[in-house]
Structures are given as structure tokens and as C-alpha cells.
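> when you get a sec, could you give me coordinates for this:
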Amino acid sequence: MKRSRCLANSVVLVVLLLLIFTRDAHAYIDPGTGSYILQLIIAGLVGALFAVKIYWRKIKAFFSNPFSKEQEKEDDNE
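Presented below is the predicted three-dimensional model:
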């Protein structure tokens, strides 16, 4: 366990050092890169909305159950 933690710390340190001491790449971003990033963002949003659509009943039940239990208790007390 101690050995894996040391290895993980070493990997993180190396990655941080590589990010800190970067050189100029003398490169450009392809014009298609912007549209690709936009497609990824749109696909992520559509995927998230689809997941919400699939699990909507469970989400609705999760948020409505605590409130309905309180209302049932209040109705029983009256």
C-alpha cells in the first residue's frame, strides 16, 4: 500500500513538472477543432438530458417522497 502511494505521488509530481515547464509548440489549432469541441459539448448536454428523461420518475419520486411523508403526517394529526 505504501509503495503504490509513493508511485502515485511520483506520477503526479512528474505530470505537474511537465505541465509547469512546457516549451512553445509552434503549432496551430485546426479550424475543425472548434466545431469538434462544440459537437462534444452538445453531445454531452443531449446525453445528460436523455439520462434525466430516462430516470425522471426516480428523480421525481426522490424529491417528492420526503414532502409527501410530511404531508401525510400532518393530515393524520388533523
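
> can you give me the helices for the chain?
In the chain, the helices defined using DSSP state H lie at 2-20, 31-54, 56-77.

> mind putting the ones you listed into JSON lines with mean pLDDT and mean neighbour count?
Where C-beta positions appear, they are placed from N, C-alpha and C, glycine not excepted. JSON lines is the format used below for the helices of the chain (pLDDT from 0 to 100; neighbours: other C-beta atoms under 10 Å):
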{"stretch": "helix 2-20", "mean pLDDT": "88", "mean neighbour count": "9"}
{"stretch": "helix 31-54", "mean pLDDT": "93", "mean neighbour count": "10"}
{"stretch": "helix 56-77", "mean pLDDT": "69", "mean neighbour count": "9"}
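
> and S4, how far from L18?
21 Å (C-beta to C-beta, to the nearest Å).

> ugh, wrong one, A61
Counting by C-beta to C-beta, the gap from A61 to L18 is 47 Å.

> check G47 too.
32 Å.

> repeat that for A43.
30 Å.

> ditto for I29
To L18, I29 is 20 Å away according to C-beta to C-beta.

> same question for A51.
For A51, the distance to L18 - C-beta to C-beta - is 35 Å.

> likewise for H26?
Distance from H26 to L18, by C-beta to C-beta: 18 Å.

> and D24, how many neighbours does it have?
5 (other C-beta atoms under 10 Å).

> repeat for I29
Using other C-beta under 10 Å, the number of residues around I29 comes to 8.

> for it, give me phi and psi.
Dihedral pair for I29: phi -90, psi 130, per degrees, to the nearest 10.

> same question, F21
phi -100, psi 70.

> now the one 4 residues further on
For A25, the backbone dihedrals (degrees, to the nearest 10) come out as phi -90, psi -20.

> how many neighbouring residues does it have?
Residues within reach of A25, counting by other C-beta under 10 Å, total 6.

> please apply the same query to the one 5 residues further on.
The local packing count at D30 equals 9, with neighbours defined by other C-beta under 10 Å.

> so it versus L38, what's the distance?
14 Å.
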